[in-house]
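# got a predicted structure plus its sequence, pasted below:
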Amino acid sequence: MRAYNFCAGPAALPTAVLERAQAEMLDWHGKGLSIMEMSHRSDDYVAIAEKAEADLRKLMNIPENYKVLFLQGGASLQFSAIPLNLLGKNNKADYIDTGIWSEKALKEAKRYGDINVINAATHINGKLAISEQSEWNLSNDAAYVHYADNETIGGLQFAAVPQVNAPLVSDLSSSILSAPVDVSQFGLIYAGAQKNIGPAGLTLVIVREDLLDQAKPEIPTLLKYAEQAKNGSMLNTPSTYAWYLSGLVFEWLLEQGGVEAMHQINLAKAKLLYGYIDSSDFYANPIVEANRSIMNVPFTLANADLDALFLQEAQQQHLLNLAGHRSVGGMRASIYNAVPLQGVQALVEFMDTFAKRHG
Ligand SMILES: *Cc1c(COP(=O)(O)O)cnc(C)c1O
């Protein structure tokens with residue numbers, strides 16, 4: 001049987017997508033070979049790649065003046081690629097710091113330019129929150145403003161898109177396709193695939209065309225968005241299977257009714273889990289309501305000595321990967337698009353039984 005997988009990444013994939021990939025694996029559409037064995041330059045593969053892009057454009061309503069790139073190296077390589085491509089002549093950028101991932105991004109950017117860090121994580125009545133934008137010390141000559149929409153480890157998410165004058169760069173690794181976004185508000189969006197898109201090995205970059213001509217001359221060719229855009233993300237061999245599988249996920253999302261329909265399900269899942277945690281004396285979540293992630297739900301048990309037993313019994317109930325990030329401990333349930341409402345219902349039932357036995 002397939003368990004419910006709450007892993008933060010690589011994360012759950014829709015069963016229907018895996019079944020289709022399985023059915024197509026040995027002999028793709030009667031061609032006598034698998035996708036993994038196909039030239040990325042073949043007409044068949046180019047059609048697969050183009051269909052994936054067209055479906056993503058449909059799902060996110062991506063305007064014509066944005067390029068969609070299917071790259072490698074994970075979101076973490078974009079921590080370098082973004083400053084190398086976008087810092088431009090004045091070499092300055094603003095980075096909003098709300099946790100571990102935004103800190104990693106700004107640390108890398110500091111190797112290339114003059115980075116103004118805005119510490120936006122704060123506490124309200126003992127709970128973690130993102131401060132009001134009016135309190136941020138944004139500069140007036142930044143080439144761009146970077147933030148991580150959803151801090152996957154902390155479970156801290158922006159309630160709204162920041163309103164800034166410079167091009168906005170968003171790390172959407174753990175929240176892309178979970179809720180509608182207005183792409184035109186951004187200069188660049190990027191996301192590693194292995195959370196809410198597809199398998200590891202693929203990184204999406206959606207970038208506005210007018211930002212493509214300011215890369216540093218010494219930038220590695222493979223990191224240069226303008227070159228990748230000109231070559232259909234095929235400067236070298238792309239991550240062909242991950243690209244194909246992500247395309248199957250896009251088709252699946254369209255069949256589910258698109259991002260708006262997924263958002264409604266995601267809100268119901270988050271409401272159920274947070275609602276239960278809030279109603280319990282045994283479990284707690286450290287985030288203010290407005291900034292709670294709808295994708296990654298960290299929680300603690302009243303007695304941390306029970307953590308190991310909780311994880312062990314959860315696993316026996318086919319509820320997998322609930323341990324919090326190694327840097328913070330506690331628990332974390334990642335409830336991405338591929339985790340159905342029934343999975344969250346099963347989790348809440350298990351949590352309630354566990355609390356009654358041990359609370
Ligand atoms: C997982 C994650 C990353 C790092 O992704 P890799 O693809 O492993 O490099 C960066 N940012 C956020 C918000 C993440 O959740």
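All right, it came through fine.
# in the stretch 101-250 of the chain, which residue sits closest to the ligand?
Closest approach of the stretch 101-250 of the chain to the ligand (Cβ to the nearest ligand atom) occurs at residue 192, with a separation of 2.7 Å. Glycine gets a C-beta too; all of them are placed from N, C-alpha and C.
# from residue 343, how far out is the residue lying closest to that residue once chain neighbours are set aside?
For residue 192, ignoring the flanking residues on the chain, the nearest one in space by Cβ to Cβ, 6 or more residues apart in numbering is residue 75 at 3.9 Å. Distance, residue 75 to residue 343, by Cβ to Cβ, to the nearest Å: 25 Å.
# who has more neighbours out of these two?
residue 75 (25 against 20; other Cβ atoms under 10 Å).
# part of a helix, is that one?
Yes - if the criterion is DSSP: H, G, I helix; E, B strand; the rest coil, then residue 75 is within a helix.
# hang on, isn't it packed against residue 195?
No - the criterion here is Cβ atoms under 8 Å, and residue 75 misses it with residue 195 at 9.1 Å.
# which neighbours do the two share?
Common contacts of residue 75 and residue 195 (Cβ atoms under 8 Å, 6 or more residues apart in numbering): residue 173.
# partner residues bridging residue 148?
Counting by DSSP bridges, residue 148 is bridged to residue 171.
# state the number of residues packed around it.
Neighbour count for residue 148, taken as other Cβ under 10 Å: 30.
# isn't it up against residue 105?
Yes - under the criterion of Cβ under 8 Å, residue 148 is in contact with residue 105, at a separation of 6.9 Å.
# what do the two both touch?
Both residue 148 and residue 105 are contacted by residue 171, under the criterion Cβ under 8 Å, 6+ apart.
# just the strands in the stretch 1-150 of the chain please.
With DSSP state E, counting those that start in this stretch, the ranges of strands along the stretch 1-150 of the chain come out as 4-5, 66-71, 92-97, 114-119, 121-124, 127-130, 145-148, 150-151.
# who does the last one pair up with?
Strands adjacent to strand 150-151 in the sheet, as given by DSSP bridges, are strand 156-157 (antiparallel).
# show residues contacting the strand it pairs with.
Contacts of strand 156-157 (Cβ under 8 Å, 6+ apart): 98-99, 121, 128-130, 149-151, 175, 287, 291-295.
# can I have the buried ones of these as a ChimeraX selection?
With 16 or more other Cβ atoms under 10 Å as the criterion, this ChimeraX line picks the buried residues out of the contacts of strand 156-157:
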select :98,99,121,128,129,130,149,150,151,175,287,291,292,293,294,295
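# of the contacts of strand 156-157, which is the nearest to residue 53?
Lowest distance from residue 53 to the contacts of strand 156-157 (Cβ to Cβ) belongs to residue 175, with 20.3 Å.
# looking at this, that closest one is in a helix?
No - using three-state DSSP, the assignment for residue 175 is coil, not a helix.
# what residues are up against it?
With Cβ under 8 Å, 6+ apart as the criterion, the residues that contact residue 175 are 149, 150, 157, 196, 293, 294, 295.
# hmm, back to that, okay, the strands of the stretch 1-150 of the chain in TSV with distance to the ligand next?
Compiled in TSV, these are given as follows (distance: least, Cβ to the nearest ligand atom, whole Å):
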stretch	distance to the ligand
strand 4-5	16
strand 66-71	11
strand 92-97	13
strand 114-119	17
strand 121-124	14
strand 127-130	14
strand 145-148	5
strand 150-151	6
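# using CSV, lay out the ones you listed together with distance to residue 338.
Converted to CSV, the strands of the stretch 1-150 of the chain look like this (distance: least, Cβ to Cβ, whole Å):
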stretch, distance to residue 338
strand 4-5, 8
strand 66-71, 20
strand 92-97, 29
strand 114-119, 33
strand 121-124, 29
strand 127-130, 27
strand 145-148, 21
strand 150-151, 16
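# how about the residues of the chain by the ligand?
For the chain, the residues in contact with the ligand (Cβ under 6 Å from any ligand atom) are 9, 74, 75, 76, 101, 148, 152, 171, 173, 174, 192, 195.
# emit the ChimeraX select command for whichever of these are buried.
Buried members of these, defined by 16+ other Cβ under 10 Å, are picked up in ChimeraX with:
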select :9,74,75,101,148,152,171,173,174,192,195
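# buried deepest among the strands of the stretch 1-150 of the chain, which one?
Across those, the average number of neighbours (mean count of other Cβ atoms under 10 Å) peaks for strand 150-151, which reaches a mean of 28.
# from the chain's centroid, how far away is it?
8 Å (Cα atoms, centre = their mean, to the nearest Å).
# ok, the residue nearest to residue 192 - contacts?
Counting by Cβ under 8 Å, 6+ apart, residue 75 touches 101, 171, 173, 190, 191, 192, 203.
# any idea how far residue 113 is from it?
As judged by Cβ to Cβ, residue 75 and residue 113 stand 19 Å apart.
# reformat the strands of the stretch 1-150 of the chain as CSV; add mean pLDDT and distance to residue 55.
Below are those laid out as CSV (pLDDT from 0 to 100; distance: least, Cβ to Cβ, whole Å):
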stretch, mean pLDDT, distance to residue 55
strand 4-5, 98, 24
strand 66-71, 98, 11
strand 92-97, 98, 31
strand 114-119, 98, 36
strand 121-124, 96, 36
strand 127-130, 97, 32
strand 145-148, 98, 25
strand 150-151, 98, 23
